[in-house]
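# Show me how the following folds:
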Amino acid sequence: MSSQESNGVHFFKVIRQSTLQEEKLSVPISFVKRYWKGIRNPVTLRFPNMVEKKVSWEKTSENEVMFCNGWKELANYLSLNESQFLVFQYQENSVFNVIVFGRCGLEIKYPSRETREESEESDSSLKIIENPSSSWGKRLKSPAPSMEVCKKMKINSKEQKDSKLDVNNAGSSCDDIKERSRILCQKVKKFFVSNNDFFACMMLKTYIDRDLLVIPNEFVKAHMDMMEGRDDATLFVDQDKWNVKLTLNKQSALTCGWREFREENNLKFGDVCVFVLNKGKETVSFQVVIFSLEKDMKTPYFEGLA
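Numbers count the residues shown, from 1 in each chain. This next block holds a predicted model:
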């Protein structure tokens, strides 16, 4: 059977200690027998974070194929450990979609865009692509909705001195970052000005690790009560926009597409975001203003990001 006829076929592999030691991964013999004919060398492995990795393969016997050159770098990139497992789905043109699961059985959090860019510098075979099959999370160029957003916030000399003191005394532990983020968020809430309704939130670990950002219930009840039934929203940063899934229920949230928005805007644990609501007749959108914990917290004026 040719590789063209194998489109959509899955196989999985469990990571063994020998896999890590030998720096190779074997392809199931049954898959090789039925579908390997016509697959070119190297193959392309594509991951949910839109990263592609080229890996060479070698045939050690009639029906034995091993991923070799490039596999070690891929294992390091994904931080693979024993007992994790990978699911491969053949597409076409020697391309496999790959999903990685941890020991607990949940899909892993793939390396962030920042990590990918660092990898690109040392490995030219690593490539970032856009997902053509989904509009959620995809960045598009479009005029932002008309709204007046002001993020220039002056603080008096005492507050400036206190802020500097807070930054200088704080370390980099999780608790320290939370405290510094809390201080920044309080000041943003106090000094941020907009003609539209808005809410501010700290970037918690949950929002960094998951494809999820929770919208405060009090904000939903006060300003989004009449929007039930709408299941998508648009996030704007300047002229760029991202489509995300909107859930309005007991725990309202932005989901599918949030991770792409976070990665492409380089949001980090402790940063603060302001979501300014734009109420359209048919659509829901937010203008997002980002305050970096490392940059904005250290300035005498909160002027945001360029």
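# element containing the residue sitting nearest the centre point of the chain?
Geometric centre of the chain, nearest residue: Arg259, 3.3 Å, by Cα atoms, centre = their mean. Here Arg259, judged by DSSP states H and E, is contained in helix 258-264.
# Which stretches in the protein count as helices?
Listed in chain order, the helices of the chain (DSSP state H) span 17-22, 29-35, 71-78, 113-122, 157-169, 174-191, 205-209, 217-223, 258-264, 293-296.
# any idea of the mean pLDDT in the helix holding Arg259?
Average pLDDT, helix 258-264: 93.
# now swap in stretch 81-95 and tell me
Rounded mean pLDDT across stretch 81-95 is 89.
# Quick check: end-to-end length of that stretch?
24 Å (Cα to Cα, to the nearest Å).
# That one: which residues count as buried?
Gln84, Leu86, Phe88, Gln89, Tyr90, Ser94 (16 or more other Cβ atoms under 10 Å). From N, CA and C alone the C-beta is placed, and that goes for glycine too.
# which outside residues touch that stretch?
Defining contact as Cβ atoms under 8 Å, 6 or more residues apart in numbering, one finds that stretch 81-95 is touched by 3-4, 6-17, 20, 35, 39-46, 96-103, 108.
# Asp176 and Lys189, how far apart?
Using Cβ to Cβ, to the nearest Å, Asp176 is found at 21 Å from Lys189.
# if we can go back for a sec, which ones among the buried residues of stretch 81-95 lie within strands?
Leu86, Phe88, Gln89, Tyr90 (DSSP state E).
# in this protein, what spans have low per-residue confidence?
For the chain, applying pLDDT under 70 flags the ranges 1-7, 112-172, 281, 296-306.
# Give me the distance between the helix holding Arg259 and the centre of its chain.
4 Å (Cα atoms, centre = their mean, to the nearest Å).
# do stretch 73-85 as well
The answer for stretch 73-85 is 19 Å, by Cα atoms, centre = their mean.
# Show me what Glu107 is bridged to.
Bridge pairing for Glu107 (DSSP bridges) gives the partners Phe101.
# tell me the contacts of it?
Contacts for Glu107 (Cβ under 8 Å, 6+ apart) come out as Pro48, Ile99, Val100, Phe101.
# Looking at the residues you listed, point me to the pair that's furthest apart.
Pro48 and Phe101 (11.7 Å; Cβ to Cβ).
# the domain parsing of this protein - what is it?
Per the record, the chain has its domains at 4-128, 139-302, by automatic domain parsing.
# if we can go back for a sec, could you point out which of the ones in strands among the buried residues of stretch 81-95 is nearest to Gly229?
Gln89 (33.9 Å).
# Run a quick neighbour tally on Lys190.
12 (other Cβ atoms under 10 Å).
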